[in-house]
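K.L.:
Give the three-dimensional model of this entry:
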Amino acid sequence: MFGAPSRYGAGTAARYRSVDVNARVEGASPHQLIVILFEELMKALDSLRAAEAAGDRGRSAPLQSRALSILHGLETGLDMDKGGEIALSLAKIYREARRLLNTSGPTRDAALEQARTMLAEVAGAWMSIG
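P.N.:
Okay, the predicted model is just below:
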């Protein structure tokens, strides 16, 4: 019942997720926007790891692209003048995570896990600021 493919296609779920994110973004504070980006980043990373484990390259490529785009957005949103050392440290973490996401070959699984662990720490710290 729930595991069967919908007659409306996989795009339906993606449209509902998009509506959910758009609704959450409207009226969100700058802090809440970063929280939403981290939530979406973690979802993309988890889905990417699942797709990789299933050998589904057709699904993993867009998920990797989504994660890389979010990381780029997080980095370009840093205020290097006001953020000082913290902004520099976050920029390094985001760049390293992008490098890890682009790893291929036999170390890819470990690289994805390392990127997720590293980013989960930052996401958790950001979300705890509240």
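K.L.:
how many other residues sit next to the residue nearest to I129 when sequence neighbours are not counted?
P.N.:
Nearest non-adjacent residue to I129, counting by CB to CB, 6 or more residues apart in numbering: H31, 6.8 Å away. Every residue, glycine included, has its C-beta placed from N, CA and C. Residues within reach of H31, counting by other CB atoms under 10 Å, total 12.
K.L.:
Do you know the pLDDT at H31?
P.N.:
pLDDT, H31: 83.
K.L.:
measure it to R116 for me?
P.N.:
22 Å (CB to CB, to the nearest Å).
K.L.:
so where is the protein shaky, pLDDT-wise?
P.N.:
Filtered on pLDDT under 70, the chain yields the residue ranges 1-26, 130.
K.L.:
Apart from its neighbours in sequence, what residue is nearest the residue positioned nearest the centre of it?
P.N.:
By CA atoms, centre = their mean, the chain has its centre lying nearest to L41, at 1.4 Å. Closest residue in space to L41, ignoring its immediate chain neighbours: I70 at 4.4 Å, by CB to CB, 6+ apart.
K.L.:
helices and strands around whichever helix or strand that neighbour is part of, which ones?
P.N.:
In the assignment (DSSP states H and E), I70 maps to helix 57-76. The helices and strands touching helix 57-76, judged by 3 or more CB pairs under 8 Å, 6 or more residues apart in numbering; DSSP states H and E, are helix 30-53, helix 80-101.
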